[in-house]
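1. Generate a structure from the sequence data that follows.
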Amino acid sequence: MKTIDIVELSHRTGLPASTLRYYEERSLISSIGRKGLRRLFDATVFQRLALVALGRSAGFSLSEIEAFFSSDGSASIDRKLLHEKAAEIDHQIQMLQQVRDGLLHVAECPEPSHLECSRFQKMMHIAAKKQARAAKR
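-> As a prediction, the model looks like this:
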């Protein structure tokens with residue numbers, strides 16, 4: 001079995017060694033030993049790191065990604081969780097499309113000032129409400 005030390009792993013993945021150590025601390029990856037002071041990993045670490053990267057790019061937290069792995073270290077992703085995340089992303093897309101459409105309207109609004117645009121006023125009001133709700137949490 002080919003092993004790779006943490007320096008080479010860092011170089012090949014672009015992740016700082018500190019992140020790799022943190023991922024090991026969180027049990028997302030595990031070293032198989034040491035060579036001097038350097039941690040050693042087997043080749044399966046690339047697949048695990050790829051799964052972590054995919055999870056992060058989909059917006060999963062590290063805690064959620066930890067649940068992707070069984071106690072034996074194999075990947076075991078809850079399909080219900082994937083559906084929930086996809087629905088969450090769909091909601092974010094809808095919200096961003098609304099924001100984009102509002103911004104485009106305001107950019108082309110014939111009113112002499114943005115503050116005189118009723119749609120812009122509505123957008124500011126909604127944003128202020130959301131901020132106030134978030135602050136209460």
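2. Pop the domain breakdown of the protein in here.
-> The chain breaks down into these domains under automatic domain parsing: 3-77, 80-136.
3. what about stretch 50-61, distance to the chain center?
-> Put simply, stretch 50-61 sits 5 Å off its chain's centre (C-alpha atoms, centre = their mean, to the nearest Å).
4. quick one on the thing from earlier: among the domains of the chain, which is the most enclosed?
-> domain 3-77 (a mean of 14; mean count of other C-beta atoms under 10 Å). All C-beta spots, glycine's among them, are computed from the backbone N, C-alpha and C.
5. one step back: would you format the domains of the chain as CSV with mean pLDDT included?
-> Formatted as CSV, the domains of the chain follow (pLDDT from 0 to 100):
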stretch, mean pLDDT
domain 3-77, 90
domain 80-136, 89
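6. and the end-to-end length of stretch 50-64?
-> For stretch 50-64, the first-to-last residue distance is 15 Å (C-alpha to C-alpha, to the nearest Å).
7. next one: stretch 34-48
-> Length of stretch 34-48, first residue to last, C-alpha to C-alpha: 19 Å.
8. List the contacts of that stretch.
-> 1-7, 9, 12-13, 20-21, 24, 28-33, 69 (C-beta atoms under 8 Å, 6 or more residues apart in numbering).
9. rerun at 7 Å
-> For stretch 34-48, contacts defined as C-beta atoms under 7 Å, 6 or more residues apart in numbering pick out 1-7, 9, 28-29, 31-33.
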